[in-house]
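Chemist: Based on what follows, work out the 3D shape:
(3 chains)
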Amino acid sequence: MVSLPNTSAQSDVALHSSSEKRGADRAYRPFSDALYRTFITTCASVIPALLILLAIVIIVAAWPAIITARSEILVGSNWDVSHNHFGALPALVGTVASSFIALVLATPLALGCAILCAELAPRWLRSPVAYLIDLLAAIPSVVYGLWGLFVVVPFMRETFMPFVQQTLKLGSIPIFAGAPYGPSLLAASVVLAIMILPYIASVSREVLSAVPQSQREAALALGATRWEMVRDAVLPFARSGLVGGVMLGLGRALGETMAVAMVIGNRNAIPGSLFDPAYTVASLLANEFVEASTALHVSALMAVAGALLLVTVLVNALARWLVLRTQHVASAE
Amino acid sequence: MSDIVPTEPTAKINQPVLARTIAVRRRSGSMMIVLIYVASALALLPLILILGHIVVRGFSALSAGFFIHLPAPAGVSGGGMANGIGGTMLLIGIASLVSLPIGLGAGLFLVERRGSRLANIVRFLADVLNGLPSIVLGVVAWELLVRPVGHFSALAGGLTLGVLMIPLVTRATEEMVRLVPVALSEAALALGFSEFRTAFVVVVRTALPGIITGALVAMARIAGETAPLLFTALGNAYWSWDLSKPIAALPLQVYAFALSPYDDWRAQAWTGALVLVLIVLVIGLLSRVAVRSRQRLSGAATVSGSSRV
Amino acid sequence: MSKGSHAVDFRAENIVATFGKRTAVDDVSLLCAAGAVTAIIGPSGCGKSTLLRCFNRLHERVPGARVSGRAFIAGDDIYSSTANVVTLRRRIGMVFQRATPFPTMTVYENVASGIRPGTPGSARGAVRDSVERALRRAALWDDVRDRLNASALSLSGGQQQRLCIARALATEPQVLLLDEPTASLDPLSTQRIEELVYDLRRDVTVIIVTHNLQQAARVSDRTAFMLNGKVVEMSDTGTLFTTPCDSRTEAYVTGRFG
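Modeler: Model (predicted):
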């Protein structure tokens, strides 16, 4: 069978190629076809249009605050609405800190799950585990917040924090200092970790599955053990995709609102320790937006939202690109 | 022929040493595998904890009244989240009305123009849109839909959820339509079908079970969204079907009740969470069943496009 | 176009078909006479399927594919700038190598799917007659007369292929293109289809692509031998198989290659 050059596999041939317009543009087509093509193109363009609209609205709405407060929004720590001070640094710090701690907690577990599902587990185990991971992802954010508020926070307050501070006598170390209220950076990070774990796990699982079988077989043929095959043949190949998966988790953590707002303590100051209450951009928006009093207040909130949007878009775009890269390399094998 | 005379053995195979090395590698490999199993178990542990808590605590306030009654005044026992459930359904309805046609069209576009630069860009942007913080969407929706008219509304909430749904429906449509063999659409075209008719009467109709499943999954995901509703639908303590007024939604009520100081409300927050999780669970299970039965259907008719000679 | 339309000539003129840089059909001209079955044979990769797909303008749907030249059905150029591709495809039916019944439709609906309102045979009541006639011509009526409302997938492989033939015949085409229609079928189904092809010749011009030399010999009146995108030789079937002019033809039909 002759293979076709420069075209994707025949089963992937576009249903209705645009070349019919270019190459054989010498035919009359029924009106419904033009209607159909217009319909699908319009629908598809809604997506980029929405993103552009989003960007425009935020920039326009945030503009007054940006020219008034300038860099104070990003580096100032004083968020005092009545005096028109809009330093959002505590919220930014809290967002970044909680997300990164969540990443550190979630990534090893998520990768373990992904490796299990993609490589090591017996066939009958893979589907149920994958299903359970998907279930974790499907639980609504507010439910995580509820659980965090009534289970994790009391656990922190009554068990974990006293344990660390008194039993382990680590209370003098700055990172573990502070009165154990319960709602804290740590609590939020833990809940976030559980929430982003399934995203990292499922993307990683897909990336690992895309690694060509030839890589594994080559390693096994050379006498590698099961684990060595994974470590030396599969993981390096999938490396950028795995990093992409982790970044996707980061992207989700940065934007997470409800669960975080319910367990982080909502104190608009930079946390000194893991046990201190903190703030994130998302919870700042959730708490203050509805009752924002002045136009400048709203504008400042918009500016902060814009910063969050920008960072999230960049992280997500980079993450997707990394994942795509691995898949392209894999399919070119 | 070159004469290679080794002056000394290049690889002296020392059997005991080699055996030991293999044993060490096997042992450390097994340890890593055990570690991975442990990590996975730890990963799934929270799921069990969360589901356990929800079921146990949610059950206590679960009653018929929960689904029928409005929220009772603060501190008064009884009442339910009926308006939240109804509100969520209305919001999902509005969101679906907006997102299903657009998602279907966009998904078809991605398949029709597969491989083209434009399609790749649209697909990429759909993923980006999917990953945006939903609260940012809520803020923008407020600016566009609430501020100009001066009041919160169910319509604004529904539209925002609709925007959230679009990338989900698009991807689901694309994946399901891709599964339809090219030969089927070629057969339709060869019969003199227009592209329009081919797409809808043959392709979409064949992929329909999968598309519906994808749409249901998207709806289930939207049902639990809270952040975008905070500034659009706002919430409502009473029944309301007025699109221009604030409306209650189940996740909003769970949020509000959870933060309240009243035990009754807190208990009902757990029940609300239970209902939300049940919706998600049931739809997830249904979608897996539907996937399996569709595979059986298409397996009988599988006609893989053959390479043209 | 009346029922039982008499077959017409189909003539291809200087067809060149390419996939990107690769030329699959290299300046082919041939005439398929009315009321006859024309077979196109040749080794894998010679371009015979591609040529066939040029005859109903399917080839150009592949991204990167181009086609030039002309093809006439009863004197109408299907590649003219005013040609209506959709109506043309109703006059030129096609059956593919693997049966492709529409899985969500019943047997009846499949056959009726090509019959459009406004065309002859589409008036109320007439549709049912058209469906029955098409199924009879496809030698399938007796098998399915009691299960017209069954899913098309409930038929066997050979029956599904005959269903596709009936579906194509329901639009009363003047030309029928068959692309290796029995390649994936058992011998009994193959025989039934060959018989019905033979019976169709009276009112449909049949062009059949096949890699099965015996089938070409059994079924066709005229045969064209293709190699590397060109028609090497075309003549009456008997002559081509017994006394071919070109040595390459002889090598192929005697089984020395392909």
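
Chemist: tell me, how many neighbours does the nearest residue to residue C:91 once chain neighbours are set aside end up with?
Modeler: For residue C:91, ignoring the flanking residues on the chain, the nearest one in space by CB to CB, 6 or more residues apart in numbering or on different chains is residue C:174 at 5.1 Å. Where you see a C-beta, it was placed from the backbone N, CA and C, and this is true even at glycine. By other CB atoms under 10 Å in any protein chain shown, the residues close to residue C:174 number 22.

Chemist: From residue C:94, how far off is residue C:174?
Modeler: According to CB to CB, to the nearest Å, residue C:174 and residue C:94 sit 13 Å apart.

Chemist: Same question for residue A:324.
Modeler: Noted for residue A:324: a distance of 37 Å to residue C:94, by CB to CB.

Chemist: Repeat that for residue A:271.
Modeler: Going from residue A:271 to residue C:94 by CB to CB gives 70 Å.

Chemist: cool, residue B:29 as well?
Modeler: For residue B:29 relative to residue C:94 (CB to CB), the value is 57 Å.

Chemist: and what of residue C:113?
Modeler: 14 Å.

Chemist: what does residue A:127 give?
Modeler: The gap separating residue A:127 from residue C:94 is 41 Å, by CB to CB.

Chemist: ok, the two, which is more surrounded?
Modeler: Comparing residue A:127 with residue C:94 by other CB under 10 Å, the one with more neighbours is residue C:94, at 25 against 12.

Chemist: how about the more buried one, phi and psi?
Modeler: With angles defined as degrees, to the nearest 10, residue C:94 shows backbone torsions of phi -140, psi 140.

Chemist: cool, and residue C:65?
Modeler: Dihedral angles for residue C:65 - degrees, to the nearest 10 - are phi -90, psi 140.

Chemist: what about the closest residue to chain C within the stretch 1-150 of chain B, how many residues close to it?
Modeler: Nearest residue of the stretch 1-150 of chain B to chain C: residue B:115, at 6.4 Å (CB to the nearest CB). Neighbour count for residue B:115, taken as other CB under 10 Å: 14.

Chemist: what about it, is that helix, strand or coil?
Modeler: Assigned state for residue B:115: coil (three-state reduction, DSSP: H, G, I helix; E, B strand; the rest coil).

Chemist: I figured it hits residue C:63, correct?
Modeler: Yes - with contact defined as CB atoms under 8 Å, residue B:115 counts as touching residue C:63 (6.4 Å).

Chemist: Okay, now the unreliable bits of chain B?
Modeler: Residues of chain B meeting the criterion pLDDT under 70: B:1-20, B:293-309.

Chemist: which residues of the stretch 1-150 of chain C fall in helices?
Modeler: Listed in chain order, the helices of the stretch 1-150 of chain C (DSSP state H, counting those that start in this stretch) span C:48-55, C:85-91, C:107-112, C:126-137, C:141-144.

Chemist: so what does the third one touch, helix or strand wise?
Modeler: In this structure, helix C:107-112 packs against helix C:126-137, helix C:157-169, with contacts taken as 3 or more CB pairs under 8 Å, 6 or more residues apart in numbering or on different chains; DSSP states H and E.

Chemist: just those: most buried one?
Modeler: Of the helices and strands packed on helix C:107-112, the one with the most neighbours on average (mean count of other CB atoms under 10 Å in any protein chain shown) is helix C:157-169, at a mean of 25.

Chemist: Output that helix in CSV with nothing but the alpha carbons.
Modeler: C-alpha atoms of helix C:157-169 as CSV (Å, rounded to 0.1, in the frame of the first residue of the first chain):
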residue,chain,number,x,y,z
GLY,C,157,-21.3,-8.4,5.6
GLY,C,158,-22.4,-9.4,2.1
GLN,C,159,-25.9,-8.1,2.7
GLN,C,160,-24.5,-4.8,3.9
GLN,C,161,-22.6,-4.4,0.8
ARG,C,162,-25.6,-5.2,-1.3
LEU,C,163,-27.5,-2.7,0.8
CYS,C,164,-24.9,-0.1,-0.1
ILE,C,165,-25.4,-1.0,-3.8
ALA,C,166,-29.1,-0.6,-3.3
ARG,C,167,-28.6,2.7,-1.6
ALA,C,168,-26.5,3.9,-4.6
LEU,C,169,-29.0,2.6,-7.1
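
Chemist: Is there proximity between that helix and chain B?
Modeler: Yes - with CB under 8 Å from any CB of the partner chain as the measure, helix C:157-169 is seen reaching chain B through C:164, C:167-168.

Chemist: Helices of the stretch 101-250 of chain B, residue ranges please.
Modeler: Remark: helices assigned in the stretch 101-250 of chain B by DSSP H, counting those that start in this stretch are B:117-130, B:134-141, B:154-178, B:182-190, B:195-197, B:205-223, B:227-230, B:250-259.

Chemist: how about JSON lines for the ones you listed, with distance to chain A and mean neighbour count added?
Modeler: Below are those laid out as JSON lines (distance: least, CB to the nearest CB, whole Å; neighbours: other CB atoms under 10 Å in any protein chain shown):
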{"stretch": "helix B:117-130", "distance to chain A": "5", "mean neighbour count": "19"}
{"stretch": "helix B:134-141", "distance to chain A": "4", "mean neighbour count": "27"}
{"stretch": "helix B:154-178", "distance to chain A": "6", "mean neighbour count": "25"}
{"stretch": "helix B:182-190", "distance to chain A": "5", "mean neighbour count": "24"}
{"stretch": "helix B:195-197", "distance to chain A": "4", "mean neighbour count": "22"}
{"stretch": "helix B:205-223", "distance to chain A": "7", "mean neighbour count": "21"}
{"stretch": "helix B:227-230", "distance to chain A": "4", "mean neighbour count": "28"}
{"stretch": "helix B:250-259", "distance to chain A": "5", "mean neighbour count": "25"}
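
Chemist: If anything else comes up later, I'll come back, but that's it for now.
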